[in-house]
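Peer 1: Need coordinates for the below:
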Amino acid sequence: MRRERMMHSKAGFAAALAALLLLALLAGCDRKPKAAPQQQAPKVTVFTVAPEKLLLTTELSGRTSPYLIAEIRPRVSGLIQKRLFVEGSDVTAGQVLYQIDPAPFQADLNNAQAALNRAEAEFPALRLRAERYKRLLDNAALSQQDYDDAAAAKNQQQAYIKSLQATVETARINLGYTKVTAPISGRIGKSGVTDGAIVTAYQATALATIQQLDPIYVDVPQSTTELLRIKSRMEQGLLNPHAADQNKVKLILENGAPYDLEGTLQFRDVTVDPTTGSVTLRAVFPNPKNLLLPGMFVKVVINEGVNEQAILVPQQGVSRDQKGNPYALVVDAENKVQFRPLSLDRAVGDKWLVSTGLAAGDKVIVEGLQMLRPGTVVQADPFQPQVEPAQKSEPGPDAKS
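Peer 2: Numbers count the residues shown, from 1 in each chain. Got it, this is the predicted structure:
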């Protein structure tokens with residue numbers, strides 16, 4: 001009896017399980033398959049290319065040099081009696097710097113003047129004799145030889161007087177050279193001699209050096225490669241070399257600070273230095289406060305010209321392939337991504353100056369470049385440059401929280 005009950009219970013459980021399976025199968029047949037969700041186009045930010053006017057500049061390194069420089073050397077030999085300037089001070093043209101002992105030169109002048117006076121005193125007698133012999137010769141009272149001798153003596157004395165006059169002038173000039181004067185105005189350096197030193201005329205060692213510092217020159221080398229590149233761009237019409245203030249140049253000091261006053265580009269040298277392959281550019285800067293000293297290392301910002309149709313794109317919109325070649329991804333009229341190889345000129349702030357590869361109206365992708373491929377359909381939003389918020393001053397160590 002008990003066994004029959006167990007068999008009956010198992011049969012009921014199997015029937016219930018089959019009924020549940022049938023209901024689940026019927027419910028699965030009534031359920032419709034769901035459609036796969038539609039994938040949205042990726043969003044990107046694009047920068048629309050618009051040509052603009054751009055002044056192109058080049059930053060070159062160079063050194064300052066004095067506008068005028070004069071090395072002071074004696075023109076006569078003698079003993080330095082006195083140095084008449086303060087080392088490191090400003091001197092003016094014609095100012096006496098050294099006094100050489102004038103006594104021997106004064107004596108030479110006196111001797112030359114005395115010889116000239118004696119010769120001039122003897123000349124009237126020789127002139128009168130020649131005139132008297134001329135009258136006697138006309139009256140046949142004197143031989144021709146006697147007259148010729150008198151005339152020759154007069155002419156010789158006259159020539160001798162001219163020679164003595166030159167000697168006097170030379171002695172006077174040498175006496176003036178005992179005062180060693182400044183040939184130019186400027187700042188004088190240290191003295192190479194002291195009082196009591198013996199100097200010789202036109203010696204190799206300079207007594208001192210004067211340099212004019214206002215204005216002052218700045219000489220910078222420019223490679224011939226860069227020079228040829230600029231000329232090529234001018235010939236292609238990419239640069240306008242006749243823009244206003246083309247010859248104006250700016251200066252950056254050794255500490256990175258800009259120099260307050262602008263300079264003027266004077267010339268480019270016509271000879272290439274064979275050791276460096278560069279030409280020298282010379283600019284002149286006002287230096288009223290003598291802030292610039294000769295030999296200082298500086299940087300000069302030179303204007304190349306004006307590009308009337310410059311194409312600038314944000315640097316984040318330019319990528320490079322495995323070989324390092326620059327390229328950009330642009331969005332065409334059908335909102336599809338296109339690949340554009342580029343040729344870059346230089347960085348201008350946070351942008352690249354593009355030589356070739358882009359045109360006006362191109363939409364360059366600057367944000368959302370990840371996983372993009374040419375032909376991908378995208379949603380393009382205009383690029384909005386970020387404006388950096390004003391920096392807040394941080395509280396000092398004594399501020400209370």
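
Peer 1: hey, let's count contacts and neighbours off CA atoms from now on
Peer 2: Noted.

Peer 1: Can you give me the neighbour number for Arg349?
Peer 2: Slight slip there: residue 349 is Gly, not Arg. 9 (other CA atoms under 10 Å).

Peer 1: and the gap between it and Val313?
Peer 2: Per CA to CA, to the nearest Å, Gly349 is found 11 Å from Val313.

Peer 1: And Thr275, what's its pLDDT?
Peer 2: Looking at Thr275, its pLDDT stands at 86.

Peer 1: Okay, and it sits in which element?
Peer 2: In this structure, Thr275 sits in neither a helix nor a strand according to DSSP states H and E.

Peer 1: OK, contacts around it?
Peer 2: Contacts for Thr275 were tallied using CA atoms under 8 Å, 6 or more residues apart in numbering; there are none.

Peer 1: How much space separates it from Phe297?
Peer 2: Thr275 sits 20 Å away from Phe297, going by CA to CA.

Peer 1: Then Ala197?
Peer 2: Counting by CA to CA - Ala197 and Phe297 are separated by 36 Å.

Peer 1: Give the rounded mean pLDDT of stretch 144-158.
Peer 2: In this model, stretch 144-158 carries a mean pLDDT of 86.

Peer 1: Scan this protein for its longest helix.
Peer 2: When the chain is parsed with DSSP state H, its longest helix is helix 103-138.

Peer 1: residues of it that come out buried?
Peer 2: Judged by neighbour count (16 or more other CA atoms under 10 Å), helix 103-138 contains these buried residues: 105-106, 108-109, 112-113, 115-116, 119-120, 123, 126-127, 130-131, 133-134, 137.

Peer 1: on that earlier part again, pick out whichever of Ala197 and Phe297 has more residues nearby.
Peer 2: Phe297 (17 against 13).

Peer 1: For that one, which non-adjacent residue is closest in space?
Peer 2: Distance criterion CA to CA, 6 or more residues apart in numbering; nearest residue to Phe297, sequence neighbours excluded, is Arg63 at 4.7 Å.

Peer 1: my guess is the one you found is in a helix, correct?
Peer 2: No. Applying DSSP: H, G, I helix; E, B strand; the rest coil, one finds Arg63 to be strand, outside a helix.

Peer 1: Quick check: bridge partners of it?
Peer 2: Asp219, Phe297 (DSSP bridges).

Peer 1: ok, it - contacts?
Peer 2: Arg63 is in contact with Val218, Asp219, Val220, Pro294, Gly295, Met296, Phe297, Val298, counting by CA under 8 Å, 6+ apart.

Peer 1: Turn the buried ones among the residues you listed into a named PyMOL selection, would you?
Peer 2: Listed next is the PyMOL selection for buried residues among the contacts of Arg63, using 16+ other CA under 10 Å:
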select buried, resi 218+219+220+294+297+298
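
Peer 1: can you list the contacts of Arg63 in a markdown table and add pLDDT and distance to Thr48?
Peer 2: Below are the contacts of Arg63 laid out as a markdown table (pLDDT from 0 to 100; distance: CA to CA, whole Å):
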| residue | pLDDT | distance to Thr48 |
| --- | --- | --- |
| Val218 | 94 | 41 |
| Asp219 | 92 | 42 |
| Val220 | 90 | 39 |
| Pro294 | 92 | 49 |
| Gly295 | 92 | 47 |
| Met296 | 93 | 45 |
| Phe297 | 94 | 42 |
| Val298 | 94 | 38 |
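
Peer 1: quick one: which two of the contacts of Arg63 are the most distant?
Peer 2: Using CA to CA, the pair of those lying farthest apart is Val220 and Pro294, separated by 13.6 Å.

Peer 1: shaky segments in the stretch 251-400 of the chain?
Peer 2: Where the stretch 251-400 of the chain drops to pLDDT under 70, the residues are 386-400.

Peer 1: Swap in 80 and give it another go.
Peer 2: For the stretch 251-400 of the chain, applying pLDDT under 80 flags the ranges 267-270, 304-305, 371, 384-400.

Peer 1: One more: the stretch 1-150 of the chain?
Peer 2: Scanning the stretch 1-150 of the chain for pLDDT under 80 picks out 1-41, 137-142.

Peer 1: Name the SS class of Leu228, please.
Peer 2: At Leu228 the chain is in helix, as set by three-state DSSP.

Peer 1: Report pLDDT for it.
Peer 2: Note for Leu228: predicted pLDDT of 77.

Peer 1: Distance check, the closest residue to Pro215 other than its chain neighbours against Ile216.
Peer 2: Spatial nearest neighbour of Pro215, excluding adjacent residues (CA to CA, 6+ apart): Pro286 at 4.4 Å. Distance, Pro286 to Ile216, using CA to CA: 6 Å.

Peer 1: who has more neighbours, those two?
Peer 2: Taking other CA under 10 Å, Pro286 and Ile216 do not tie; Ile216 has more neighbours (23 against 18).
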